[in-house]
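Asks: Predicted structure and sequence below. I'll ask about it afterward.
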Amino acid sequence: FKTSKVFKKVKHSVPMLYLGNAFDQNDLINFEKKILNFLNKDKNFKIVYSSEPKIDGISASLIYRNGKFVTGLSRGDGKEGEDITENLKTIDDIPHLIKSKNFPREIDIRGEVFSQNSDFEKLKNKFANPRNAASGSLRQKDPKETKKIPLKFIAYTFGYEKGLKATSQDEYLKNLKEWGFKTNPLNKTLEKIENLMTNYHEIEKKRGDIDFDIDGIVYKVNDFQ
């Protein structure tokens, strides 16, 4: 496979930032405390969380204008990524045109490009692991080569938006499905740290049966405001 070094660099309109880490229940308790402090709320204020296993793939940002997929960027260093539009267009899970009435005028839809473990079985002799398969395929010089690799895309957030009507993560995820995107089937909306921990243990038990590699669970405050 010829990977290319000539992709054009493009600045993200909203940076693709890192996630904070939590390794145990105590870290989650501190995470909630920080949020409550930031919002100036006392400990009785209820925070609803959106929970989603983190797929171990390659992050991508898809820029749509007037319903049309115009540019696709890799994460890069978070401030700027590489223009891999033509390669991303070969992935069936990425709609090229969205006609829904409630679709924003402009939006960067962000998510993960990955290879399912069942598909990776056929690629074992070419790539070291599913993540490498996704990364190597997206950096092909020729999109026809990318098309030969069975890649998937799951959407989970957005960067820049103009005209998005959702006010929470779970509402946004519903919108994504309506617009023709796949979302993580293991998404949940939860309250209370102990429920976040229970959810973590449940996913840990199922981990061997999930058809994609995960490297943790992402917990976000559900309410955008």
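Replies: Ah, there it is. Numbering: from 1, shown residues only.
Asks: what's the following helix or strand after the host helix or strand of residue 144?
Replies: Residue 144 belongs to helix 143-147 when assigned by DSSP states H and E. Next in sequence after helix 143-147, counting helices and strands by DSSP H and E, comes strand 152-162.
Asks: tell me what the helix holding residue 144 is packed against?
Replies: helix 85-88, helix 130-138 (3 or more C-beta pairs under 8 Å, 6 or more residues apart in numbering; DSSP states H and E). (C-beta placed from N, C-alpha, C; glycine too.)
Asks: out of these, nearest to residue 11?
Replies: helix 85-88 (15.2 Å; C-beta to C-beta).
Asks: which parts of that closest one are buried?
Replies: Within helix 85-88, the residues that count as buried by 16 or more other C-beta atoms under 10 Å are 85, 87, 88.
Asks: Only alpha carbons, please: show it as PDB.
Replies: Extracted in PDB, the C-alpha atoms of helix 85-88 (Å, rounded to 0.1, in the frame of the first residue of the first chain):
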ATOM      1  CA  THR A  85     -12.100  14.100   1.500                       C
ATOM      2  CA  GLU A  86     -11.900  11.700  -1.500                       C
ATOM      3  CA  ASN A  87     -10.900   8.700   0.700                       C
ATOM      4  CA  LEU A  88     -13.700   9.400   3.200                       C
END
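Asks: tell me which strands and helices it is in contact with?
Replies: Looks like helix 85-88 contacts strand 68-74, helix 130-138, helix 143-147 (3+ C-beta pairs under 8 Å, 6+ apart).
Asks: what about the strands in this protein?
Replies: 9-11, 48-55, 58-65, 68-74, 80-82, 106-114, 152-162, 188-191, 214-221 (DSSP state E).
Asks: Spit out the contact partners of residue 76.
Replies: 9, 12, 16, 82 (C-beta atoms under 8 Å, 6 or more residues apart in numbering).
Asks: same thing with residue 210?
Replies: 53, 186.
Asks: what's the pLDDT at it?
Replies: On the pLDDT scale, residue 210 is placed at 93.
Asks: Residue numbering should commence at 462 henceforth.
Replies: Happy to do that; since the first residue is 462 now, the last one works out to residue 671.
Asks: Check the spacing between it and residue 660 real quick.
Replies: 14 Å (C-beta to C-beta, to the nearest Å).
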